[in-house]
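> Structure for this input, please:
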Amino acid sequence: MIRAPFKLIFITVLFVLSAGHKASGQATAVLFRYLPEGASLSSSVITDNVEEGPFLDPVEFAARNPGGWGMTAPSTAEFESVQSTIRSQETESFSQPLGPQFSMEIWFRGQDSGQTSSLLSNRVDSSGGFTIGLSNDVPYFEFAIQDSTYRLNAEHPVATEINVWVAATIKYWQGTLTLRLFVDGVSQSEHAVDLSIPSPYAFSHPIMIGSSAAGDPSDPSLTGTFTGHVFAASVKAYETPEEYVTSGIPHDGSPYFGLPSYHDYDLDNQRLPADLRIQSSPVEIKDRFFLPYANDLYIPQGTASRVETSDSEDIPYVYVSYYHRTRQGTIRLQHSIVAEINAQTGMVRRAFRLMGQLSHSHAGGVAYSHGALYISSESILERYPLPDWDPSNPQKYVDLQADSDGTIQTPSKASFVSAFRDTLWVGDYRTSSDVAPYLFAHALDEQGRPDPTPSYRFPLPRRIQGVDLIEGPRGTVVVLSRNRTSTTAELLRYRREDLSPSVLVDPDSVIIMPHGIEDLSFLPDGSLWTNSESGTDYYQRKSSGAWASFYPFVYSIPASAVLGSPMPTSREHGPFIPDLEADVFPNPFNNTLRISLNEQFSESVSVYIFDALGRRIATLAQNVPSNGSLELQWDATRIPAGAYFTVIESGHKRIVTSIIRAE
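Residues are numbered from 1 along each chain as shown. As a prediction, this is how the structure comes out:
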């Protein structure tokens, strides 16, 4: 291991308290948090023979050493012997009026094999409480209450010198106590038992890290049980959502191993913890991993994918391009990068620093073809040959040199790019105040170098973020992504043969997605990969104008959600009329949705309701004559809460409106 040349630690108290309960110590969010990196972010602790300071894994040296890529090395607390102990300074109890509801997490790296140790606990001797620990390197979780101890064990031991995230949750609801254990975002074990727990439940301090405790709870005697490094630990007074504890972590070398650190707000910034702000997806998710390098101030943009054959095994990889942006909004301080992510595990295998003409660009799109990555930005397409992976000499951080003969100017702004059938499909992101956007097709020669003269040009809708194509059951499918409103995003699906070089056609299907969607990439199995810009540090830290949405993942949706519904036969398409309007209100709505059509609807009208998978679930009007106006309403009392959309058709005109049915 390599230690950074200085060691610095600041520690204070953090309690997020509900109004009116400060005197009693009633907590509503974070009960305890230990961060060796310090200042106002950590609860007050007492340490003994623990070395605190920046930690630099040799694998991370190229990116995180002082003269490297500009990324930050995390800090750790190093436990070296039985004299190495940590406990919280707080010893009073906290009460929960409805019974125990907790989440406990610890991020650590063991040094010795065969460890049996207490990693995070509030138990003194045999008192009630919880323990996250290791038993011969197997993570476990125990909860003692009413003279009984319930224990969950992980499926496998964890290796030494490997970063590990262990989380556990406790939920008591309507007479049932449920315990769950997770390791690196994978559920390990769950146990439910019927109990009658009197209210309120008292949660006791102190909290110990890497230590066992005996004696007086107000001043216990501690013995060190752990050898290795602790990066962080937390105890929260709620059950953390499923989207947080069951999402894969990228192990990108940053704090929390790539989980978002945006819940590390100062005391005077009463923001909700990151896990409570993650929104559920309105569409089925196939795979979901936390975006790497977000803690290093990188903002994701492009998405590409490929399948690599190695030792007769096909392994899918996803590539995400990023640009650097500080919390103050400054850009171009660091090189743009591309992360290579194992699409089965979510772990980063390599990260590439761009060294060509687009070295500090927005890196809006990335595509893979002919053994190279193609970066699109600033009306430029730049080819970067990709070095082969050498398992005998693995290098995580690699500088990529551009192919000077593979760089072209494109008529597009080059906001995004995808590769399909030896062609790069390049498009524009443009708002209503800009000129009309287009999708351009640049053919690739045998060496994978793009032709600067486009083969095709198709009009695009406004605000498109990404594109990809795939051969579907009934021909080539084109899918576009865009953020429709401040909270929702869409996939627009087309038949390739329906695209017109002269007029903008309407999609045959619209799929509602998590907000913040970026570029798109299909794997051969039909799963569609993308990423969410909404989960970035810059947008979540802003004091004003911060995004309410939070979906910090690179993720895929299954082929059935994109290609599963029937593709309609080719039909005549007229020009898209962007100023056609209808009043759809209220939105969100509870039981009844009202639709008011104005005088622009001079032809017969059809009005449909579709769900998030593009399935028609209601027909409100079909070829109904319109005399200039029409009032409709939809009774949704039998429909579950969630995201839907209305489709209104009149002649060649069509309007798609996202709607939300509230609880």
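> CA only for contacts and neighbour counts going forward, please
OK.
> And the residue nearest in space to the middle of the chain, how close does it get to Asp147?
Geometric centre of the chain, nearest residue: Phe553, 1.7 Å, by CA atoms, centre = their mean. Taking CA to CA, to the nearest Å as the measure, Phe553 falls 42 Å from Asp147.
> ditto for Ile341
Using CA to CA, Ile341 is found at 46 Å from Asp147.
> Of the two, which one has the most company?
Ile341 (25 against 8; other CA atoms under 10 Å).
> What is the subsequent helix or strand relative to the worst-scoring helix or strand of the chain on mean pLDDT?
One helix or strand of the chain scores below all others by mean pLDDT, DSSP states H and E: strand 2-3, with a mean of 39. Once strand 2-3 ends, the next helix or strand along the chain (criterion: DSSP states H and E) is strand 30-34.
> now that following strand, how far from the chain's geometric center?
Relative to its chain's centre, strand 30-34 lies at 23 Å (CA atoms, centre = their mean, to the nearest Å).
> distance between the helix or strand Arg180 falls within and the chain's centre?
In this structure, Arg180 is located in strand 176-183 according to DSSP H and E. With CA atoms, centre = their mean as the basis, strand 176-183 stands 23 Å off its chain's centre.
> element containing the closest residue to Asp296 other than its chain neighbours?
Spatial nearest neighbour of Asp296, chain neighbours left out: Met71 (5.7 Å); criterion: CA to CA, 6 or more residues apart in numbering. Per DSSP H and E: Met71 is located in neither a helix nor a strand.
> I figured Trp425 hits Ser418, correct?
Yes. With contact defined as CA atoms under 8 Å, Trp425 counts as touching Ser418 (5.3 Å).
> In terms of neighbours, single out the busier of those two.
Remark: of Trp425 and Ser418, Ser418 carries more neighbours, 30 against 26, as counted by other CA under 10 Å.
> any idea of the mean pLDDT in the helix or strand harbouring that one?
Taking DSSP H and E as the definition, Ser418 sits inside strand 416-419. For strand 416-419, mean pLDDT is 97.
> ok, now stretch 334-348?
Rounded mean pLDDT across stretch 334-348 is 97.
> What residues sit buried inside that stretch?
For stretch 334-348, the buried set under the neighbour-count rule, 16 or more other CA atoms under 10 Å, comprises 334-343, 345-348.
> Pull up the distance across it, start to finish.
End to end - CA to CA - stretch 334-348 spans 19 Å.
> what sits up against that stretch?
Contacts with stretch 334-348, where a contact means CA atoms under 8 Å, 6 or more residues apart in numbering, come from 69-70, 248-252, 287-290, 292, 315-324, 349-355, 358-363.
> what's the answer for stretch 207-220, then?
With contacts defined as CA under 8 Å, 6+ apart, stretch 207-220 is touched by 32, 79, 84-88, 91, 117-125, 205-206, 221-226, 233.
> try 7 Å
Residues from elsewhere that reach stretch 207-220, judged by CA atoms under 7 Å, 6 or more residues apart in numbering: 85-88, 91, 117-122, 124-125, 206, 221-226.
> One more: stretch 458-474?
Stretch 458-474 has contacts (CA under 7 Å, 6+ apart) with 416-418, 420, 429-432, 437-440, 476-482, 499-504, 518-522, 563, 567.
> re the thing from before, so can I have TSV of the buried residues of stretch 334-348 showing secondary structure and distance to Asn163?
What follows is the buried residues of stretch 334-348, written out as TSV (DSSP: H, G, I helix; E, B strand; the rest coil; distance: CA to CA, whole Å):
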residue	secondary structure	distance to Asn163
Gln334	coil	26
His335	coil	27
Ser336	coil	26
Ile337	strand	23
Val338	strand	22
Ala339	strand	19
Glu340	strand	19
Ile341	strand	17
Asn342	strand	17
Ala343	coil	19
Thr345	coil	15
Gly346	coil	14
Met347	coil	12
Val348	strand	13
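> what's the farthest-apart pair in those?
Largest separation among the buried residues of stretch 334-348 by CA to CA: Gln334 and Thr345, giving 27.6 Å.
> Tally up the residues packed near Ile639, please.
10.
> And Ala144, by the same measure?
Ala144, neighbours per other CA under 10 Å, totals 16.
> buried set for the host helix or strand of it?
Secondary structure from DSSP H and E places Ala144 in strand 138-145. Counting neighbours by 16+ other CA under 10 Å, one finds that the buried residues in strand 138-145 are Val138, Pro139, Tyr140, Phe141, Glu142, Phe143, Ala144.
> which one of those residues sits closest to Thr453?
The closest of the buried residues of strand 138-145, once distances to Thr453 are taken by CA to CA, is Pro139, at 58.2 Å.
> what's the distance between the closest one and His156?
Distance, Pro139 to His156, by CA to CA: 8 Å.
> same question, Leu291
Leu291 is 25 Å from His156, by CA to CA.
> C-terminal to the strand holding Ser418, what's the next element?
The element immediately downstream of strand 416-419 (helix or strand, assigned by DSSP H and E) is strand 423-427.
> now the next helix or strand after that following strand: how far from the chain's centre is it?
Next helix or strand after strand 423-427 toward the C-terminus (DSSP H and E): strand 438-443. Strand 438-443 sits 30 Å away from the centroid of its parent chain (CA atoms, centre = their mean).
> Same check on stretch 280-294?
Counting by CA atoms, centre = their mean, stretch 280-294 comes out at 5 Å from the chain centroid.
> just stretch 326-333 next, same as before
The chain centre lies 21 Å from the centre of stretch 326-333; the measure is CA atoms, centre = their mean.
> hmm, who's touching it?
Applying CA under 7 Å, 6+ apart, the external contacts of stretch 326-333 come out as Leu297, His324, Arg325, His360, Tyr538, Arg541.
> tell me which residues form a beta bridge with the third one?
This points to Arg325. For Arg325, the beta-bridge partners are Ile331 (DSSP bridges).
> isn't it right next to Tyr298, touching?
Yes. Using CA atoms under 7 Å, Arg325 makes contact with Tyr298 at a distance of 6.2 Å.
> neighbour count winner among the two?
Tyr298 (26 against 21).
> Assess the claim that that one and Pro292 are in contact.
No. Contact criterion CA under 7 Å: Tyr298 and Pro292 do not qualify, at 8.8 Å.
> Could you double-check that Ala351 sits in contact with Leu400?
No. Between Ala351 and Leu400 there is no contact under CA under 7 Å: 9.6 Å.
> Comparing the two, which residue is more hemmed in?
Legend: neighbour count by other CA under 10 Å for Ala351 and Leu400, higher for Ala351 (24 against 21).
> ok, and the closest non-adjacent residue to that one?
Closest residue to Ala351 apart from its sequence neighbours, by CA to CA, 6+ apart: Ala339 at 4.4 Å.
> same deal with Ile86?
Thr47 (4.5 Å).
> The one you found and Pro411: what is the separation?
Per CA to CA, Thr47 is found 61 Å from Pro411.
> neighbours of Thr410, just the number please.
By other CA under 10 Å, the residues close to Thr410 number 23.
> show me the contacts for the residue nearest to it when sequence neighbours are not counted.
The shortest distance from Thr410 to any non-neighbouring residue, by CA to CA, 6+ apart, is to Ser379 (5.3 Å). Contacts for Ser379 (CA under 7 Å, 6+ apart) come out as Gln409, Thr410, Pro411, Ser412, Lys413, Ala414.
> Next, the buried residues of stretch 443-456.
Using 16+ other CA under 10 Å as the burial criterion, the residues of stretch 443-456 that qualify are Ala443, Leu444, Gly448, Arg449, Pro450, Asp451, Pro452, Pro454.
> give the contact list for the fifth one.
Listed by CA under 7 Å, 6+ apart, the contact set of Pro450 reads Gly406, His442, Ala443, Leu444.
> One more pass at 6 Å, please.
Pro450 makes contact with His442, Ala443, Leu444 under the criterion CA atoms under 6 Å, 6 or more residues apart in numbering.
> Any idea what Ser305 is bridged to?
When assigned by DSSP bridges, Ser305 has beta-bridge partners Val318.
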